[in-house]
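1. Need a 3D model of the following:
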Amino acid sequence: MLLENKGRELRIDADTPKVVFAEKVEAAHDAISVAQAAKILGTDQRRLFSFLRQQHWIS
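-> Residues are numbered from 1 along each chain as shown. Model (predicted):
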């Protein structure tokens, strides 16, 4: 049991930065979806995602 608790603590420590980031993104009221951005730019999601990958903005 003690080992399981230690494992959970390590996992929580490792996940903390991801959780903080996710909470910031979730709270970004002025954010738009990729679909909305693609529509504004006059393209489709697939092409926008492809471009973002080429620019190394996403992986």
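2. Secondary structure element holding the most centrally placed residue in the chain?
-> Averaging the C-alpha coordinates of the chain gives a centre point, and the residue nearest to it by C-alpha atoms, centre = their mean is Ala22 (6.5 Å). Secondary structure here is read from DSSP states H and E; on that basis Ala22 sits in helix 2-26.
3. I'd like the next helix or strand past that helix.
-> Toward the C-terminal end, the helix or strand that comes next after helix 2-26 (DSSP H and E) is helix 34-41.
4. Who are the packing partners of that next one?
-> Secondary-structure packing of helix 34-41 (3 or more C-beta pairs under 8 Å, 6 or more residues apart in numbering; DSSP states H and E): helix 45-54. Glycine gets a C-beta too; all of them are placed from N, C-alpha and C.
5. tell me the angle of the helix it packs on relative to helix 34-41?
-> An angle of 100 degrees separates the directions of helix 45-54 and helix 34-41 when computed by axes from the mean of the first three to the mean of the last three C-alpha atoms, to 10 degrees.
6. Return the distance of helix 45-54 from the chain's centre.
-> Relative to the chain's own centre, helix 45-54 is displaced by 15 Å; criterion: C-alpha atoms, centre = their mean, to the nearest Å.
7. so what does that helix touch, helix or strand wise?
-> Helices and strands in packing contact with helix 45-54 are listed as helix 34-41; criterion 3+ C-beta pairs under 8 Å, 6+ apart.
8. outside of the helix it packs on, which residues touch it?
-> 32, 44-45, 47-49 (C-beta atoms under 8 Å, 6 or more residues apart in numbering).
9. Make CSV from the residues you listed and add pLDDT and distance to Glu4 to it.
-> Compiled in CSV, the contacts of helix 34-41 are given as follows (pLDDT from 0 to 100; distance: C-beta to C-beta, whole Å):
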residue, pLDDT, distance to Glu4
Ile32, 88, 42
Asp44, 95, 47
Gln45, 96, 42
Arg47, 97, 47
Leu48, 96, 43
Phe49, 96, 39
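10. wait, which of those is closest to Gly7?
-> Phe49 (35.4 Å; C-beta to C-beta).
11. how close does the residue nearest to the closest one when sequence neighbours are not counted sit to Ile58?
-> The shortest distance from Phe49 to any residue that is not its chain neighbour, by C-beta to C-beta, 6 or more residues apart in numbering, is 6.6 Å, and that residue is Val34. For Val34, the distance to Ile58 equals 9 Å [C-beta to C-beta, to the nearest Å].
12. Noted, bye for now.
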